[in-house]
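Participant: model the following, please.
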Amino acid sequence: MFDLDELLEVLPQKDPVGFVKKVLVCEEHESRTLVRFESAPTLSMLSEAGAQTSIFLRLTEEKKAANVPTRAMGMLVSIKSKWLQKSDKTSFEVKSSYVNNLDSFFVVDFTVLDGEMTVAEGQIAAVLEQNGVAL
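Facilitator: Residues are numbered from 1 along each chain as shown. Model (predicted):
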């Protein structure tokens, strides 16, 4: 088993754009993090936090089937998001869930939560490393 706090070391983004402060869940098809911002976030900042949270999805079987290293991270290809409820808060929980993949092209949903209230949601697409070579 791994220490969730140690997982932050694999996050390539560092302050001030490393928004993930704690990993809460790191499972096959779901990850959850606590994110914090220096000021009330923009939708772009929340979207980046969603992308950062997706790094903690394990997706072991999907990566193996796509011939992608299990520790592959990837390159963000596209992101779409929308506000549901604007907030002046600076800390949120972000949930990321696997949607599907075609070989090394992965689609992931994310939801930004303030307690039980959904603040924003979106979807990202990323291409992961294949055979040790970045695509």
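Participant: and stretch 37-47, how far out from the chain middle?
Facilitator: 14 Å (Cα atoms, centre = their mean, to the nearest Å).
Participant: can you pull the alpha-carbon coordinates of it into PDB?
Facilitator: The C-alpha trace of stretch 37-47 is given here as PDB (Å, rounded to 0.1, in the frame of the first residue of the first chain):
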ATOM      1  CA  PHE A  37      -6.000  28.700  -4.100                       C
ATOM      2  CA  GLU A  38      -4.400  31.900  -3.000                       C
ATOM      3  CA  SER A  39      -7.600  33.800  -3.900                       C
ATOM      4  CA  ALA A  40     -11.100  33.000  -5.200                       C
ATOM      5  CA  PRO A  41     -10.500  30.800  -8.200                       C
ATOM      6  CA  THR A  42     -11.500  31.400 -11.800                       C
ATOM      7  CA  LEU A  43     -13.100  28.700 -13.900                       C
ATOM      8  CA  SER A  44      -9.700  28.100 -15.500                       C
ATOM      9  CA  MET A  45      -8.100  27.500 -12.200                       C
ATOM     10  CA  LEU A  46     -10.800  25.000 -11.100                       C
ATOM     11  CA  SER A  47     -10.300  23.200 -14.500                       C
END
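Participant: helix or strand right after the lengthiest helix in the chain?
Facilitator: Longest helix of the chain, by residue count under DSSP state H: helix 43-54. The helix or strand immediately downstream of helix 43-54 is helix 60-65, counting by DSSP states H and E.
Participant: list the buried ones in that following helix?
Facilitator: 62-63 (16 or more other Cβ atoms under 10 Å). No exception for glycine: its C-beta is placed from N, CA and C like everyone else's.
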